[in-house]
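[1] sequence? don't have it. structure:
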C-alpha cells in the first residue's frame, strides 16, 4: 500500500500564496504520476495539476495555469504545489493522489491522501 500525507493548507488572503506538500511512503513503483485535485463545497472533485516521477512532465488545469506550479523531490518522495495569486474560487479541500497506470494524467488515480483545507478570503 501507499500512504500519502498532505500538509501546508491554511487561510490566506486574495492574492496570497501557499505551498502544499505531499509525502509518499510505503510501496514503491518504478514509474508513476502524482497529482493534486481539489473539491469545493457542493462541487465535484476536479483535477488541478500532475507531474510524472520520471522526466517531470507536468499538466495543469486551465483554471490554475500560470498561477500554480507543481514540482517533486525524488529523494524525499514528496510532491509540492506552489500556489500564487490565490483567488476566493481556489477555496477547497486539496487532495494529493498517485497513479501507477498508463493513461491521462488527469484521471485514473489509485491512491489518495486525506486532504488539506485551503481557504482564500476576499
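    Perfect, I can see it now. Keep in mind the model is a prediction, meaning the values are calculated, not measured. Numbering: from 1, shown residues only.

[2] so where's the chain shaky on pLDDT?
    Applying pLDDT under 70 to the chain flags the ranges 30.

[3] all helices of it, in order?
    Counting by DSSP state H, one finds no helices in the chain.

[4] Next, name the residue at the spatial heart of it.
    What sits nearest the mean C-alpha location of the chain, by CA atoms, centre = their mean, is residue 36, with 2.1 Å.

[5] Please report how far that one lies from residue 9.
    11 Å (CB to CB, to the nearest Å). (C-beta placed from N, C-alpha, C; glycine too.)

[6] ok, back up a step: contacts only, for the residue nearest to the centre of the chain.
    For residue 36, the contacting residues are 20, 22, 48-50, 70, 79, 81, 94-97, by CB atoms under 8 Å, 6 or more residues apart in numbering.

[7] Ok, residue 91 next?
    40, 118-120.

[8] ditto for residue 112
    4, 95-97.

[9] can you tell me which two in the residues you listed are farthest apart?
    4 and 95 (8.5 Å; CB to CB).

[10] okay, and the common contacts of those two?
    112-113.

[11] Identify the contacts common to residue 36 and residue 9.
    Counting by CB under 8 Å, 6+ apart, the common neighbours of residue 36 and residue 9 are 20, 94.

[12] re earlier: relative to residue 47, how far out is the residue nearest to the centre of the chain?
    8 Å.

[13] now swap in residue 95 and tell me
    As defined by CB to CB, residue 95 lies at a distance of 10 Å from residue 47.

[14] Mind listing the shared neighbours of the two?
    residue 37.

[15] quick one: contacts for the closest residue to residue 53 other than its chain neighbours?
    For residue 53, ignoring the flanking residues on the chain, the nearest one in space by CB to CB, 6 or more residues apart in numbering is residue 32 at 5.3 Å. Residues in contact with residue 32 (CB under 8 Å, 6+ apart) are 52-53, 98-100.

[16] I appreciate the help and will end here.
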